[in-house]
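1. Sequence and predicted structure below; questions after.
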Number of protein chains: 2
Amino acid sequence: MKTADPELMRAINRFTVLDTIRRHGPISRVEISERSQLSTTTVSAITASLLDDGLILTRHEGDIRNAAARGRPRVMLVLNPDAARVVGAKIAAHQMNFVVTDFCGEVISHLSLPIRVNRQPVGVISDLIEDGVRRCVVDAGLSLDDIDTVCIGFPGVIEHRTGLVRSSPILSEPDVDFAREMSQRLNVATIVESDSHAITLGHHWFGKGRDLDDMVLVSLEQTLGLGVLNGGQLFRGAGGLSHNLGDLMMGCGLAETIRLSALAGEQAILGEQSQQGRFAEAVRLGRGMAHAQTLIAAEDNGLTAAATRAGEAIGIAVANIVTLFGPPRVVIVGSSLLLGHVFLTTLSEAYRRAIPPSIREIAELVFDNSPDEMWAQGAAVVALCELYESPWGTTGPAPAPQH
Amino acid sequence: MKTADPELMRAINRFTVLDTIRRHGPISRVEISERSQLSTTTVSAITASLLDDGLILTRHEGDIRNAAARGRPRVMLVLNPDAARVVGAKIAAHQMNFVVTDFCGEVISHLSLPIRVNRQPVGVISDLIEDGVRRCVVDAGLSLDDIDTVCIGFPGVIEHRTGLVRSSPILSEPDVDFAREMSQRLNVATIVESDSHAITLGHHWFGKGRDLDDMVLVSLEQTLGLGVLNGGQLFRGAGGLSHNLGDLMMGCGLAETIRLSALAGEQAILGEQSQQGRFAEAVRLGRGMAHAQTLIAAEDNGLTAAATRAGEAIGIAVANIVTLFGPPRVVIVGSSLLLGHVFLTTLSEAYRRAIPPSIREIAELVFDNSPDEMWAQGAAVVALCELYESPWGTTGPAPAPQH
DNA sequence: CGATTTTATACGCGTTAAGGAAAAAATGCG
DNA sequence: CGCATTTTTTCCTTAACGCGTATAAAATCG
């Protein structure tokens, strides 16, 4: 059971203020006070402390109120981008993406490496990731010493609390302690997180979930993942395990059951054709879905059927997720969206038919195919969230030692 | 965003102490301090306040430590059963159950009314519930004025925050504001909650979930419900809606989909036979499942097939729930358990086959068919939880006004 | 039987943080 | 240049936690 002491109180209120400044751009102390329900006194004390710690900056310009601004002008506060730097990474089967971001989550440098890591030994993958991180940091004009935290987004089932990769399609062995591995290699605090969770927070900060504190995100890539945002925070089930939608069983009786991944996973959609020729080439380059889309446009019957089947299954699964979580919005992301029109309309239609009428109105479906960079940025956001919540100094301008 | 102030701090710590006393029976202050990580000073102050408010009592007997107990003997603290009384109710299609409990959740009186409320007008149902509550209170030797809170457990989709019954199989109309209706009739604060949520908390306090702060409960009655306990608290999705498992879609493609309720709902299992003769009689008395079990034992092929089909479907659904929430335990309750051996083994077997191997070990399945009284008691627990969290006085012995 | 030991609880004090009142700062307007 | 106005800071009060220590209550020992 969590007990409360002044420290917790300070942590909560500091985070509230910092998060308010992050969300609502340049903002004055009074407005923070209004938004957060904290007294102006408290806001003043906390902002003083944040300024003292160098986490925020004052900006005297930009008071965009009524031009007839009388009285003492507001001093606007913004995050100090230079307060910290983090690295976010997204590891996929055929592609690795790295970003370095500032304290605001803005991307400073981006590195995309089209390398197949699928089924490589853990040591090789660690090597590749280490190289990617180092290079991306150098590209940003920084050194690893300038980096506060690294967060690596991995497909599969990840135990966030311990940094354990319980199972991942790109690792041949289970239960890899990747967090420790990378922390040691880089000598920087490293978080390992499910890629779905990363992109969920990414959308919460910068994407399709900016306005909501409750939502669900479904990611359709090599694995089928889920991120649940509840009260502005990621919902991590008991044990902090990430979810794996692909393991959901579709079907009524044992005779006809099949896992969702076998219906709508990347491999299931692309099928056997993808093992050969130009298709295999495209897949190897991480462009399997795009290639499939051109084939579908050219009326490839097999692929069209696969896309339809996958769309239906996902639509039903999403309806079930909505039944369980009742979110106001479902954001659907991932490479499978590249399958195009057939897939999307089938999905939407299946969803519409599967959702119980009584809750048909509560959730809206939103599709988004942001580039891989955004996934890496999401991982960076995961790292930033931890920084935001970590304790820094104490509130208030420390009683300056009298000289 | 929730901000912190001394009031919140106090509320958190008071609750922690109160909950520790409730859970760990007669307990001394030192032990509370050890368990809660609060200093002995704080525990002393808070317990003084709780004693002052009459919520707890001291007991000088019962120090069950090492017999060679030297030093000052510990003073044991227990909840004061008389600190409050609440009413819990479980409303089902053919049966209403009421309990009055003390502050510890112990049942003082229990009333079971075998009345069919199914599809009655809202006014009639309200009348019946009102009568039941009043009579149960009188049976306990109390008057309604002695009751602090009433909680009514309803099947269906309930919005706990507002007390709205969004949809329920026993109400013919949607969106009934039952909380207000009953509050007005009884002139006592009334909570409306999903019956699944009620029995979940009931099991957390007294049943199969006493030792766990994270678990999932699946209830199989007229409706198929779900309760998720996360960190010792009920997980209520966005908007505080309760879940409805019965609305889950089983099946891969649109052609073969069917809702879980159509496979494993009470009506789906009992089938058309239950409309006639002695079976109908049994159903009307709320003994449909028990009757079905005797028929199955007598090798009724139709019913056996139905039970098998339902067991398979539920087993798969439970596996999917575990995939999503990863709880260490799943408690399965409800009248359908009365179907007996065929149903239970099919369910377990289907679960075993449907659960992904990687997480096969994390969750255990537990069956429980406690009597209806426990559901009502669970509703009482819901009411008690609100009382526990509500602010009472201030911490510590108020600085006695100097005379 | 009283002194000593041992343990539990209570009390005083210091620290930290929130919040209210009022002063101080910074600007526009007459 | 003084005054009105709005924002921010300063000072003070209140509340709560934790530390150290005093006190209370029993068991043991001389």
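-> Structure received. Numbers count the residues shown, from 1 in each chain, chains lettered A, B, ... in the order given.

2. Neighbours of the residue of the stretch 151-300 of chain A at minimum distance from DNA strand C, how many?
-> In the stretch 151-300 of chain A, no residue comes nearer to DNA strand C than residue A:232, which is 18.7 Å away by C-beta to the nearest atom of the strand. Backbone N, C-alpha and C define where each C-beta goes, glycine included. If you count neighbours by other C-beta atoms under 10 Å in any protein chain shown, residue A:232 ends up with 12.

3. Excluding chain neighbours, what is closest to it?
-> residue A:213 (4.1 Å; C-beta to C-beta, 6 or more residues apart in numbering or on different chains).

4. Give the residue spans of the stretch 201-350 of chain A that score low on pLDDT.
-> For the stretch 201-350 of chain A, the stretches flagged by pLDDT under 70 are A:239-240, A:253-255, A:272-278, A:285.

5. now the strands for it?
-> Under the criterion DSSP state E, counting those that start in this stretch, the stretch 201-350 of chain A contains strands at A:215-220, A:224-230, A:233-234, A:249-250, A:258-259, A:329-333.

6. right, and those - which one's nearest residue B:251?
-> Residue B:251 sits nearest to strand A:249-250 of all those, at 6.5 Å, using C-beta to C-beta.

7. contacting residues around the closest one?
-> Contact partners of strand A:249-250, identified using C-beta atoms under 8 Å, 6 or more residues apart in numbering or on different chains, comprise A:257-260, A:263, A:313, A:316-317, B:250-252, B:316, B:319-320, B:354.

8. Sheet partners, orientation included, of it?
-> strand A:258-259 (antiparallel) (DSSP bridges).

9. quick check, distance from the strand it pairs with to the centre of its chain.
-> 27 Å (C-alpha atoms, centre = their mean, to the nearest Å).

10. ok, residue A:213 to DNA strand D distance?
-> Distance, residue A:213 to DNA strand D, by C-beta to the nearest atom of the strand, to the nearest Å: 26 Å.

11. For that residue, list the residues it contacts.
-> Here residue A:213 is in contact with A:229, A:231, A:232 (C-beta under 8 Å, 6+ apart).

12. my guess is residue A:47 contacts residue A:29, does it?
-> Yes. Using C-beta atoms under 8 Å, residue A:47 is in contact with residue A:29, at 5.9 Å.

13. So for the two, which sits in the more crowded spot?
-> For residue A:47 versus residue A:29, neighbours defined as other C-beta under 10 Å are more numerous around residue A:47 (23 against 19).

14. which residues sit in contact with that one?
-> Counted by C-beta under 8 Å, 6+ apart, residue A:47 has contacts A:17, A:29, A:32, A:56, A:77.

15. make it 10 Å
-> Taking C-beta atoms under 10 Å, 6 or more residues apart in numbering or on different chains, we find residue A:47 in contact with A:14, A:17-18, A:21, A:28-29, A:32, A:55-56, A:58, A:75, A:77, A:395.

16. Now, of those, which are buried?
-> The neighbour-count test (16 or more other C-beta atoms under 10 Å in any protein chain shown) marks A:14, A:17, A:18, A:21, A:28, A:29, A:32, A:55, A:56, A:77, A:395 as buried among those.

17. Can you name the two of those residues that sit furthest apart?
-> A:28 and A:395, at 19.1 Å, using C-beta to C-beta across the buried ones among the contacts of residue A:47.

18. what residues does the stretch 51-200 of chain A put near chain B?
-> When proximity is defined as C-beta under 10 Å from any C-beta of the partner chain, the stretch 51-200 of chain A approaches chain B at A:156, A:157, A:159, A:166, A:167, A:174, A:175.

19. Adding neighbour count, write these out as CSV.
-> CSV is the format used below for these (neighbours: other C-beta atoms under 10 Å in any protein chain shown):
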residue, neighbour count
A:156, 24
A:157, 25
A:159, 21
A:166, 20
A:167, 21
A:174, 13
A:175, 12
